[in-house]
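Trainee: Got a predicted structure plus its sequence, pasted below:
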Amino acid sequence: MSAQSKVSLPVIKRLPKYYRYLNTLASEGRDKISSSELAKMMGTTASQVRQDFNCFGGFGQQGIGYKVEVLLAEISKLLFGTGELLPTILIGAGRLGTAVSSFISRDTNGYRLLAVFDINPELIGRQMAGVPIHALDDLEPFCAAHKPVVAVLCVPRQSAIDLSDELVRLGIQGFWNFSHYDLSVKYPEVTVENVHLGDSLMSLGYRLRERTEADEAARSR
């Protein structure tokens, strides 16, 4: 088992945030940064930053801090590997699929979008984010020929349920899943990143209302 395979999911989920902030620092011409400075940007503690990086062997020196370009390069290797893009398909050419496909193509982030699939005959043959839209019936021969390993699901829950068995059978190893169906329950061997936009929005509303109620209670004292 590699060192990375033992790293906890919360640490892995913080890596993209480190990557974003370090990219900003690099673009600003920063050469070095301390764990305490980086922690302040991240909204965490210097101890947490050091612990996170120690999971991968550590990238800094005591009393010197981290070289921004070196740290950015190391985290890039962790997130993107050798630079080979993961072949990806997207299911669902509606409004959400349009937005997500544009994001993947514009901000590659380690993925290469090969094709989009949909059941709407009016969309078949058109292009989305620079790739062709295929009929869903073409999924099996396309996967046999092009070997995608990631599927992005921008379809309703029932459609994801109906499609998931076939996608796993066709060699899909990872899902970026917007369908509100938790694929990781049925397919524990497949890597799944579930995206619940509604959950995030509800959390925001709760936090806003909680803050408003706390402010009103403070004023009434």
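Mentor: Received, thanks.

Trainee: Grab the longest strand from this protein for me.
Mentor: Longest among the strand segments of the chain by residue count, using DSSP state E, is strand 111-118.

Trainee: mind checking which helix or strand of this protein has the lowest mean pLDDT?
Mentor: Scoring the helices and strands of the chain by mean pLDDT, DSSP states H and E places helix 183-186 at the bottom, with a mean of 80.

Trainee: on contacts alone, who are the packing partners of that one?
Mentor: Applying 3 or more Cβ pairs under 8 Å, 6 or more residues apart in numbering; DSSP states H and E, we find helix 183-186 packed against helix 157-169, strand 191-194. For every residue, glycine as well, the C-beta is placed using N, CA and C.

Trainee: now for the ones you listed, which one comes closest to residue 11?
Mentor: For residue 11, the closest of the helices and strands packed on helix 183-186 is strand 191-194, at 15.5 Å, according to Cβ to Cβ.

Trainee: The closest one: partners in the sheet, and parallel or antiparallel?
Mentor: Using DSSP bridges, the strands paired with strand 191-194 in its sheet are strand 174-177 (parallel).

Trainee: So for the strand it pairs with, mean pLDDT?
Mentor: Rounded to a whole number, the mean pLDDT of strand 174-177 is 95.

Trainee: Contacts for the longest helix out of those in the chain, please.
Mentor: Looking only at the chain and at elements set by DSSP state H, the helix with the highest residue count is helix 197-220. With contacts defined as Cβ atoms under 8 Å, 6 or more residues apart in numbering, helix 197-220 is touched by 178, 180.

Trainee: measure stretch 119-133 end to end?
Mentor: End-to-end distance for stretch 119-133, by Cα to Cα, to the nearest Å: 10 Å.

Trainee: Equivalent analysis for stretch 183-196, please.
Mentor: Using Cα to Cα, the span of stretch 183-196 from its first residue to its last is 13 Å.

Trainee: got the buried residues for the host helix or strand of residue 39?
Mentor: Residue 39 is located in helix 35-42, with elements delineated by DSSP states H and E. Buried positions in helix 35-42, judged by neighbour count with 16 or more other Cβ atoms under 10 Å: 35, 37, 38, 39, 41, 42.

Trainee: which other residues reach it?
Mentor: 14, 17, 18, 21, 45, 46, 48, 49, 50, 60, 65, 66.

Trainee: sorry, back to before: please render the helices and strands packed on helix 183-186 as JSON lines that adds mean neighbour count to the earlier fields.
Mentor: As requested, these are exported to JSON lines (neighbours: other Cβ atoms under 10 Å):
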{"stretch": "helix 157-169", "mean neighbour count": "16"}
{"stretch": "strand 191-194", "mean neighbour count": "16"}
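
Trainee: The ones you listed: which one's closest to residue 109?
Mentor: With distances scored as Cβ to Cβ, the stretch of those nearest to residue 109 is strand 191-194 (12.0 Å).
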